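1. let me see the structure of the following:
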Amino acid sequence: MLLGIDREFDILRRTILSFSIALLFGLSAFQALVPNASAAEEARIFYIGMGESVTSANPFVGFYESDHLFCSYIYDELIFPDEDGKPTPNLAKSWWYMDGDVAASLGSSFVGLHNDSPSDWPLGSIWEYNLTENVFWNDGEPFTADDVVFTMNIQIGTNYINYWAFQPYTKWIYRCEKINDLKVRIFFADHSSHVPTPVAWGTSISIPIMPAHKFTGLSDNYIAWNWTGRPTVGTGPFVANPLPKDIPYLGESITLEKNPFYDFINETDTRLGLGGYYNRTIQIDKLVMKFYAEEQPLILDLKARKLDASEVAPTNYFALKESKPAGLTLVLTYSPTVYSKISHFNVNPNASGYGVFSWPYQLNPTRLDPALLRATAIATNKSYICEAIFKGLATPGVGILSPVWPEFYWTPPHDKMSTFNITDGSGNVKWNYTLPLDEVMSFNLSLANEILDEAGYVWTNGVWSGINHNTSRKVGPEAADRLVNMGFVGNASAALNKTLEFEDVYEIEVYEDKDTSEYLTSKWAKIGVKLIQKPVNRGAWWYIVPGFQSNFAETYWTGDPDPNYLLYVPTSYAMDGWNEFGTKNTTYDHYYDMQASSMNLDERKYWVDKCQEWQYLSGSAMMVTCYPKSCFAYNDQPGARWVGWGNWTQHPGLAIDHYWGETPLFYHIKWQYETPQPPPFPFATVAVIGVSAVVAAFAVLLAMKAVKTRKMKEI
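-> Got it, this is the predicted structure:
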């Protein structure tokens with residue numbers, strides 16, 4: 001009897017178990033079809049594809065775009081350009097400029113200064129910055145004026161040469177003075193002469209501010225060259241601790257996490273941090289920089305939505321535009337970094353005289369001749385470079401400032417005439433030509449040949465066949481006398497019979513530079529100038545070209561939206577680091593000085609234009625071939641992680657290559673699964689639950705029947 005009861009209970013237990021399993025099966029199926037409620041709480045990750053790795057986490061050392069981008073995620077500047085290139089409050093919430101007398105009346109001391117009389121300091125030579133309160137470093141320490149003073153003063157004076165990364169600004173910074181914990185004054189004077197000078201670009205000092213408390217006991221020289229960038233203590237939106245021991249190579253990645261002190265609520269419910277002060281809501285929890293050795297894997301990851309955004313090459317831009325992969329948006333715009341491509345001779349007259357490709361190898365003195373620089377420039381069809389090499393995604397270059405920020409862009413006018421002169425061996429003008437300014441540098445092979453003829457460069461075989469590209473020109477007696485008169489050689493015999501032959505150095509990794517070099521080699525052969533292509537790796541390029549060890553090179557430049565940064569590059573002041581062209585011209589230096597110090601906008605625009613006109617007419621001393629447009633792709637359609645990307649064409653500063661301070665895009669994009677709404681029950685879900693319930697009920701009925709039958713038999 002007891003055994004029978006136990007069996008009945010066993011049947012019931014099995015029935016309950018069967019029902020439970022069926023019910024769990026149904027619920028599991030339901031859960032698989034309905035979004036998990038915890039999805040909104042998972043890490044919100046932004047994946048960005050990169051074509052080059054980060055080479056240094058030290059802002060004073062890194063000079064590639066990837067380095068600048070990495071540092072912009074961690075460190076902040078006093079003021080940064082927004083999506084429209086306009087100065088935006090950041091670590092400095094407000095600012096104004098004054099003269100020495102006003103500064104003295106406000107408590108500044110001039111004792112011990114090279115110019116110790118306040119009246120020596122004109123209006124605009126002293127700027128005051130009121131710093132943002134309640135800002136913290138990502139280690140929890142408060143940001144104060146001490147950090148600004150440390151960052152500025154460590155790069156000036158005798159340290160100016162060592163700290164080369166921000167020389168367009170530090171050339172003019174004489175000292176930074178702490179007024180109180182939230183106020184500093186920066187005094188501006190020429191680095192060499194110490195003469196106080198106004199600066200028109202006081203809102204565009206794009207120097208990342210560093211944490212003074214982290215560098216206690218470290219030498220200035222160590223920080224400038226040997227500090228690895230670890231730990232990454234900044235005030236920006238992200239932190240990269242721990243940073244990998246070895247800087248990533250291509251094919252690896254760096255993960256940055258949200259800075260907990262960028263935007264947070266304290267125990268009294270007060271919103272603090274830099275982001276908190278300016279009400280900047282950044283929804284990204286983790287930022288992953290993924291590096292690719294080749295672009296095809298990057299494209300595949302874009303299509304598979306493993307990347308949220310990336311820059312892509314023109315060929316892949318067109319391929320994506322043709323295939324139209326679902327969910328991928330393509331953007332074509334000028335880079336907010338004022339990107340330009342430049343082909344140039346080494347025109348440094350004091351270059352060593354020995355190159356690096358053979359020994360002995362003397363630099364060709366004809367590279368300095370204005371006639372050669374003009375002839376090669378007008379033998380270059382910039383429109384062809386834009387169309388054939390950059391696939392139509394570029395516009396012909398003029399000066400070093402691209403059209404991305406129209407306020408300071410310059411185009412040569414038609415109503416102004418320009419004359420180019422060729423002098424003889426006595427310095428007298430022997431020939432010239434005059435054309436409107438917008439035509440004087442136009443592509444013209446006939447005129448280019450005429451210039452070289454008049455300058456005394458003769459064909460090696462006496463004639464130009466127009467077919468044999470091995471035929472080139474050489475220095476004839478007249479050209480040799482001209483070179484002596486201009487001071488490029490000591491005597492005529494040192495130049496006589498030298499052929500117009502030059503190596504063209506370019507980075508082997510940059511395909512468009514290779515194509516440009518091939519084009520110039522072909523086209524210049526028609527005017528008797530022979531280029532020899534010399535592809536080198538990146539490290540070799542940085543040794544050869546800025547070291548003035550080559551005759552000719554391919555390069556590019558980028559800068560912040562204010563013209564001061566890029567216009568500084570061709571000055572004689574930049575010969576110790578930035579000026580890879582070798583241009584040393586007192587007229588250009590004067591134009592640059594005037595644009596830097598003109599406080600009136602219209603007056604400053606005049607001098608900015610003069611700088612660009614000089615660059616344009618310099619020919620191949622710094623021939624800006626084109627302004628490439630940047631091609632981007634991002635995932636923003638239904639199913640993508642992020643939405644709200646904005647219009648990058650109208651607002652170029654939204655592009656992901658914006659690295660002058662914080663990235664404006666990050667204030668705009670939103671995690672589209674932030675507040676998911678459960679969908680209505682789908683038919684499949686109802687069916688699964690219904691079947692499960694039927695199965696369970698049927699199992700119960702069978703069990704009850706079995707128990708009942710057992711009892712009847714026992715009776």
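
2. pLDDT below threshold where in the chain?
-> Along the chain, the parts satisfying pLDDT under 70 run over 1-41, 244-251, 353-361, 462-470, 673-715.

3. what's the single longest strand in it?
-> strand 623-635 (DSSP state E).

4. and the next helix or strand after that strand, what does it pack onto?
-> Note on strand 623-635: by DSSP states H and E, the next helix or strand toward the C-terminus is strand 642-643. Contacts defined by 3 or more C-beta pairs under 8 Å, 6 or more residues apart in numbering; DSSP states H and E place strand 642-643 against strand 670-671. (Glycine included, C-beta is placed from N, CA and C.)

5. one more time with 6 Å, if that's ok
-> Using 3 or more C-beta pairs under 6 Å, 6 or more residues apart in numbering; DSSP states H and E, no helix or strand is in contact with strand 642-643.

6. ok, residues contacting it?
-> The contact list for strand 642-643, computed with C-beta atoms under 6 Å, 6 or more residues apart in numbering, reads Asp308, Asp636, Ile669, Lys670, Gln672.

7. from those, keep the buried residues only.
-> By the neighbour-count criterion of 16 or more other C-beta atoms under 10 Å, the contacts of strand 642-643 include these buried positions: Asp308, Asp636, Ile669, Gln672.

8. hang on, the earlier thing: out of the contacts of strand 642-643, the closest to Ser323 would be?
-> Asp636 (17.3 Å; C-beta to C-beta).

9. what's near enough to touch the closest one?
-> Thr329, Val643, Trp645.

10. do Glu512 as well
-> Listed by C-beta under 6 Å, 6+ apart, the contact partners of Glu512 are Ile389.

11. go again with 7 Å.
-> Neighbouring residues of Glu512 by C-beta atoms under 7 Å, 6 or more residues apart in numbering: Ile389, Phe390.

12. secondary structure class of it, three-state.
-> Put simply, Glu512 is helix when judged by DSSP: H, G, I helix; E, B strand; the rest coil.

13. and it, how far is that from Ile385?
-> Counting by C-beta to C-beta, to the nearest Å, the separation of Glu512 from Ile385 is 9 Å.

14. ok, now Gly51?
-> Gly51 is 21 Å from Ile385, where distance means C-beta to C-beta.

15. surely Glu509 is in contact with Arg538?
-> Yes. Using C-beta atoms under 7 Å, Glu509 makes contact with Arg538 at a distance of 6.4 Å.

16. any idea how far Val505 lies from Asn364?
-> The value you get for Val505 to Asn364, if C-beta to C-beta is used, is 14 Å.

17. I misspoke; the intended subject was Trp645.
-> Going from Trp645 to Asn364 by C-beta to C-beta gives 50 Å.

18. which stretches in the stretch 1-150 of the chain count as helices?
-> Here the stretch 1-150 of the chain has its helices, by DSSP state H, counting those that start in this stretch, at 2-33, 65-74, 100-105, 145-153.

19. quick one: contacts of stretch 411-420?
-> Stretch 411-420 is contacted from outside by Arg374, Val398, Asn432, Tyr433, Thr434, Leu435, Pro436, Leu437, Asp438, Val440, Tyr616, Leu617, using C-beta under 7 Å, 6+ apart.

20. just the buried ones from those?
-> Buried, going by 16+ other C-beta under 10 Å: Arg374, Val398, Tyr433, Leu435, Leu437, Asp438, Val440, Tyr616, Leu617, out of these.

21. show me what contacts Val149?
-> Counted by C-beta under 7 Å, 6+ apart, Val149 has contacts Cys176, Lys178, Val184.

22. okay, those in JSON lines with secondary structure, distance to Ala212 and neighbour count next?
-> Below are the contacts of Val149 laid out as JSON lines (DSSP: H, G, I helix; E, B strand; the rest coil; distance: C-beta to C-beta, whole Å; neighbours: other C-beta atoms under 10 Å):
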{"residue": "Cys176", "secondary structure": "strand", "distance to Ala212": "12", "neighbour count": "21"}
{"residue": "Lys178", "secondary structure": "strand", "distance to Ala212": "11", "neighbour count": "16"}
{"residue": "Val184", "secondary structure": "strand", "distance to Ala212": "12", "neighbour count": "25"}
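
23. make CSV out of the residues you listed and add distance to Ser192.
-> Below are these laid out as CSV (distance: C-beta to C-beta, whole Å):
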residue, distance to Ser192
Cys176, 19
Lys178, 26
Val184, 24
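
24. rewinding a little: more neighbours: Val505 and Asn364, which one.
-> Between Val505 and Asn364, counting by other C-beta atoms under 10 Å, Val505 is the more crowded of the two (27 against 22).

25. distance check, that one against Gly49.
-> 29 Å.
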